[in-house]
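K.L.:
only geometry, no sequence info:
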């Protein structure tokens, strides 16, 4: 599998990454098969967060990749502080908490360093300079190799791009959510990569999309509207690609995207995602028609 550089770092991520939020505490054997298959097929980017299942997700990934730790890019996220009963959390981007949370993530992940540590959210009302100082200290201490943020807010992203050494911005990005494209030229100019999460849009951009409730919705799209667009998309693509292949190709058509961190709750789903690399990329005409079919919207808030 081809790899792309994350920012200006020496991290080269597989074009298809693995978003581990899809793993389930109730399917331990299947989790192991999924991660083993991902490794066998050349996926080297694994993304988790301390928030997922209150730490269980990190523990799961840590146990499944510990034998190949030196061969993968391990990414996690922090900034959400659990309450004492662990039935809720609050946002805490303070330097003290970020540094303590990272050490707990290291313990759960059974490693002594994180390749890419990401702030899991944030607004311009945060003590951002304090947060940046925490990340810089973690790098100097050798606990973190590189850092980034996970954010959809233009003003927050631009502050970190101008005042820190972030290598990446994780953003929800797919044919159904093209809002991040507004920031792509800016991030490219800063040599900051995008880690695309949700490239299949919670299954809407797969064959399962036709079976979803037409009365439900995804962002501003009604379910029935999405299903109508999916039918039209089939006629836009000249090849026999599945919808998920088309969705992944679209996301990866942008060079600023370092990896598409797609989840998979079964080996079959993972293998379907991987087939994208056995078919030709989108033509310029196909991409243009898809962009017309799924028009880009813009973030309306968090701009100043």
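P.N.:
Received the coordinates, thanks. Values in this document were obtained by computation on a predicted structure and should not be read as measured data. Numbering: from 1, shown residues only.
K.L.:
can you list contacts of stretch 84-94?
P.N.:
Stretch 84-94 is contacted by residues 51, 54, 79-83, 119, 121-122, 126-128, 130-131, 134 when judged by Cβ atoms under 8 Å, 6 or more residues apart in numbering. C-beta: built from backbone N, CA, C; applies to glycine.
K.L.:
how does it look with 6 Å?
P.N.:
54, 79-82, 122, 126, 131 (Cβ atoms under 6 Å, 6 or more residues apart in numbering).
K.L.:
buried subset of the residues you listed?
P.N.:
Buried residues within those, counting neighbours by 16 or more other Cβ atoms under 10 Å: 79-82, 122, 126, 131.
K.L.:
got the buried residues for whichever strand or helix holds residue 155?
P.N.:
Here residue 155 sits within helix 154-163, counting by DSSP states H and E. Neighbour-count burial for helix 154-163, counted by 16+ other Cβ under 10 Å, picks out 154, 156-161.
K.L.:
next one: stretch 202-214
P.N.:
Buried residues in stretch 202-214, counted by 16+ other Cβ under 10 Å: 203-206, 209, 212.
K.L.:
Any chance you could list what contacts that stretch?
P.N.:
In contact with stretch 202-214 (Cβ under 6 Å, 6+ apart) are residues 175, 200, 218, 223-224, 226-227, 230, 243-244, 247.
K.L.:
now do stretch 252-264
P.N.:
Applying Cβ under 6 Å, 6+ apart, the external contacts of stretch 252-264 come out as 4, 6, 13, 15-17, 19, 21-22, 34, 45, 47, 184, 187-188, 193-197, 199-200, 248, 251, 270, 273, 282, 287.
K.L.:
now the end-to-end length of that stretch.
P.N.:
End-to-end distance of stretch 252-264 (Cα to Cα, to the nearest Å): 18 Å.
K.L.:
For it, buried residues please.
P.N.:
Neighbour counts using 16+ other Cβ under 10 Å place 252, 256-264 of stretch 252-264 among the buried residues.
K.L.:
tell me the mean pLDDT over that stretch?
P.N.:
Mean pLDDT, stretch 252-264: 96.
K.L.:
go on, stretch 269-279?
P.N.:
Mean per-residue pLDDT for stretch 269-279: 89.
K.L.:
That stretch: how far from the chain's middle?
P.N.:
With Cα atoms, centre = their mean, to the nearest Å as the basis, stretch 269-279 stands 17 Å off its chain's centre.
K.L.:
repeat for stretch 159-167
P.N.:
Its chain's C-alpha centre and that of stretch 159-167 lie 18 Å apart, by Cα atoms, centre = their mean.
K.L.:
same check, this time on stretch 168-179
P.N.:
Here stretch 168-179 is found 9 Å from its chain centre; the criterion is Cα atoms, centre = their mean.
K.L.:
ok, and for whichever strand or helix holds residue 228, which residues are buried?
P.N.:
Assigned by DSSP H and E, residue 228 belongs to helix 223-236. Neighbour counts using 16+ other Cβ under 10 Å place 223, 226-227, 229-230, 233, 236 of helix 223-236 among the buried residues.
K.L.:
Quick check: which of the residues you listed has the minimum pLDDT.
P.N.:
Lowest in pLDDT among the buried residues of helix 223-236 is residue 236, which has 83.
K.L.:
nearest spatial neighbour of it, skipping sequence neighbours?
P.N.:
Leaving aside its sequence neighbours, residue 236 sits nearest to residue 289 (Cβ to Cβ, 6 or more residues apart in numbering; 4.5 Å).
K.L.:
So for the helix or strand harbouring that neighbour, mean pLDDT?
P.N.:
Per DSSP H and E, residue 289 falls inside helix 284-293. Per-residue pLDDT over helix 284-293 has a mean of 94.
K.L.:
re the thing from before, biggest separation within the buried residues of helix 154-163, which pair?
P.N.:
Spatial extent of the buried residues of helix 154-163 (Cβ to Cβ) is set by the pair 154 and 160 at 11.3 Å.
K.L.:
so what strands line up beside the lowest-mean-pLDDT helix or strand in the chain?
P.N.:
Least confident helix or strand, the chain: strand 80-82 with a mean of 86, by mean pLDDT, DSSP states H and E. Strand 80-82 pairs in its sheet with strand 89-91 (antiparallel), by DSSP bridges.
K.L.:
returning to what we had before: now, among the buried residues of helix 154-163, which is nearest to residue 112?
P.N.:
Once Cβ to Cβ is applied, the member of the buried residues of helix 154-163 that ends up nearest residue 112 is residue 160, at 25.7 Å.
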